[in-house]
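> Got a sequence here, can you model it:
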Amino acid sequence: MPKTRDTRKTRIKPRFCQWIWIGLVLVTLCLAGSCQADRSPPGSPVSGGPPELLPEDEVRLSNDPEKAEVFRDAGLGLFVHWGPNSQVGSEISWPLNHASREYIEKYYALADTFNPTGFDAGEWARLAKLAGMEYVVFTTKHHDGFCMFDTKYSDFKITNTPYGKDIVAQIAAAFRNEGFLVGLYYSPGDFRYHYETGIPQQGLMIPAFDSEAPFGPQKKGFLAYEQGQLEELMTRYGDIFMLWFDGNCDPLKKHAWRVRQDIFIGRGEIPTPEQRIPGEAADHAWESCMTTSWQWSYQPNPDLRTSREVIENLIKIRARGGNMLLNVGPRPDGRISDHDEAILRDLGLWMMMYGEAMRGVRPWTVTNEGDVWLTRSKGEGPATLYAITDFDYDAEGTTWRQFSGRRLTLRSVLATEETEVSILGQEGGCSWHQDDDGLHITAFNLHTVQFIAYPGSRPEFAQRQWHMGPDWPVALKITGVMPKEGITRER
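From the prediction side, this is the model:
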């Protein structure tokens, strides 16, 4: 008889394979859904529960010394003041001080039309990087109480405007992507809290830490409301390097260190003078906050600082051991204004040539010798010194090729066998010699970077159709030097 095949097993096999196939598809779909749920759009805040707080008796109430050195190395940062008020070009928050109820309501109504569709955080970050900046401080909540982030503790926020997206999330992601240290400004004073609760206010910047009047969707008292927002800012936006408190912040500062002991506190823990530069050097972290104009927020027709003034401020601040935090006020559509962009691009050109003299440096034994400002490399032993000064288009020995020059004597400097002198960004070296009076240097600028109007007074050069520039301070690099004994003051 012909052999027959038992078909009972073959009937089961297709059905068995079918169930295996269905199971694999379901598992794949579940995994894909889980991954998709974790894949938030770029610039979205990360959700999560409340952080585990460090016990109060274990908190170090000071900055991490290593973080302080990282901050000092960075040297130059971008400060951004921005909010719905930019639509009318007023200063941020301050118009609420001594304002009528009618004006306050008009000011707050600006949030209803705030829609910065031209905002591109990546474009901001790239421009700041071009300008030689290494950290950013962004206003998450100013004194008016408007929140530029999606907080659950207040309804007065960017996600309740026509724009509807979390600005802080985009800033943090974009600047971190460009290698920046990310810092967040936060105002302890909150006019909106008083406006909604009716609690009397002592001053625009004075926080009502003792008030238990319920505020916002979570119905929190003042301190709990602000502590909750700090937790959001410190846990939902990736690695935040710094918090910057504009006003009395003692309970907030302690809470921040309980959330993250290594968070660096700028204002609130280190000196941060506004619109001025201290007269003496300080060998610790400090920061001078400067504007490109005279207003922190956007102003359509501002009285601008010149690019030269911004550069000179940076030089003096770094020679005195501080950081410069340079503020811009973006337009209401989200773009950096043309005048601010022009200053940042000029600063970027200067930093492209001479940024080595500004980054990772510390004060020399004297901040300056006359109009020559000095910074030095870190470390013990022979140092690299940077001497930053203007060159003279009328100096003896200048030609149309050697278009500006300088002869200078540094009395605080002692050369060694390792000493070499050059102009940063320019090939070749400079002539020099050492004697009892100090280090004598002769330098000429040969590096054509821009064509400019002739700034000198020599008629044979003034007749030329073009001249070499820019006419900004020049940085000399002097390697392998020691401080000369007995000279320890500014000259």
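> who's in contact with stretch 353-360?
When contacts are defined by Cβ atoms under 8 Å, 6 or more residues apart in numbering, stretch 353-360 is touched by residues 73-76, 132, 134, 314-315, 318, 351, 375, 377-378, 386, 388, 424-425, 447, 449, 473-475, 477. The C-beta positions use only the backbone N, C-alpha and C, and glycine is treated the same way.
> Tell me which of the residues you listed fall in helices.
Residues from these lying in helices, with DSSP state H as the criterion: 73-74, 314-315, 318, 351.
> Now tabulate those in JSON lines and tack on pLDDT and distance to Ser457.
Output for the ones in helices among the contacts of stretch 353-360, formatted as JSON lines (pLDDT from 0 to 100; distance: Cβ to Cβ, whole Å):
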{"residue": "Asp73", "pLDDT": "98", "distance to Ser457": "41"}
{"residue": "Ala74", "pLDDT": "98", "distance to Ser457": "40"}
{"residue": "Leu314", "pLDDT": "98", "distance to Ser457": "28"}
{"residue": "Ile315", "pLDDT": "98", "distance to Ser457": "25"}
{"residue": "Arg318", "pLDDT": "98", "distance to Ser457": "31"}
{"residue": "Met351", "pLDDT": "98", "distance to Ser457": "30"}
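> for those, which one is nearest Ala443?
Using Cβ to Cβ, the shortest approach to Ala443 within the ones in helices among the contacts of stretch 353-360 belongs to Ile315, at 16.9 Å.
> Okay, domains of this protein per the record?
Following automatic domain parsing, the chain resolves into domains at 56-92+99-357, 361-483.
> Check those for me: which has the lowest mean pLDDT.
Comparing mean pLDDT across those, the weakest is domain 361-483, with a mean of 89.
> mind listing what Arg133 touches?
Small correction: residue 133 is Met, not Arg. For Met133, the set of contacting residues under the criterion of Cβ under 8 Å, 6+ apart consists of 76-78, 180, 326.
> And the residues you listed, which two are furthest apart?
Greatest spacing in the contacts of Met133, by Cβ to Cβ: Phe180 and Leu326 (13.7 Å).
> the more surrounded of those two?
When Phe180 is set against Leu326 and neighbours are counted by other Cβ atoms under 10 Å, the residue ahead is Leu326, at 25 against 22.
> For the more buried one, which non-adjacent residue is spatially closest?
In space, Leu326 comes closest to Met290 once its chain neighbours are excluded; the distance is 5.6 Å by Cβ to Cβ, 6 or more residues apart in numbering.
> pretty sure Gly83 contacts Phe146?
Yes - contact status for Gly83 versus Phe146: in contact at 5.2 Å, counting by Cβ atoms under 8 Å.
> Compute the distance between the residue nearest to Leu326 and Gln450, please.
In this structure, Met290 lies at 24 Å from Gln450, with Cβ to Cβ, to the nearest Å as the measure.
> Look at these two and report which has more neighbours.
The residue with the greater number of neighbours, taking Met290 and Gln450 and applying other Cβ under 10 Å, is Met290; the counts read 21 against 13.
> quick one: secondary structure of that one?
Taking DSSP: H, G, I helix; E, B strand; the rest coil as the rule, one finds Met290 in the strand state.
> Then Thr365?
Counting by three-state DSSP, the backbone at Thr365 sits in strand.
> Gln434 belongs to a strand, doesn't it?
Yes - the assignment for Gln434 (three-state DSSP) places it in a strand.
> Next up, the contacts around it.
For Gln434, the contact set (Cβ under 8 Å, 6+ apart) comprises 414-415, 419, 440.
> what about 6 Å?
Taking Cβ atoms under 6 Å, 6 or more residues apart in numbering, we find Gln434 in contact with Ala415.
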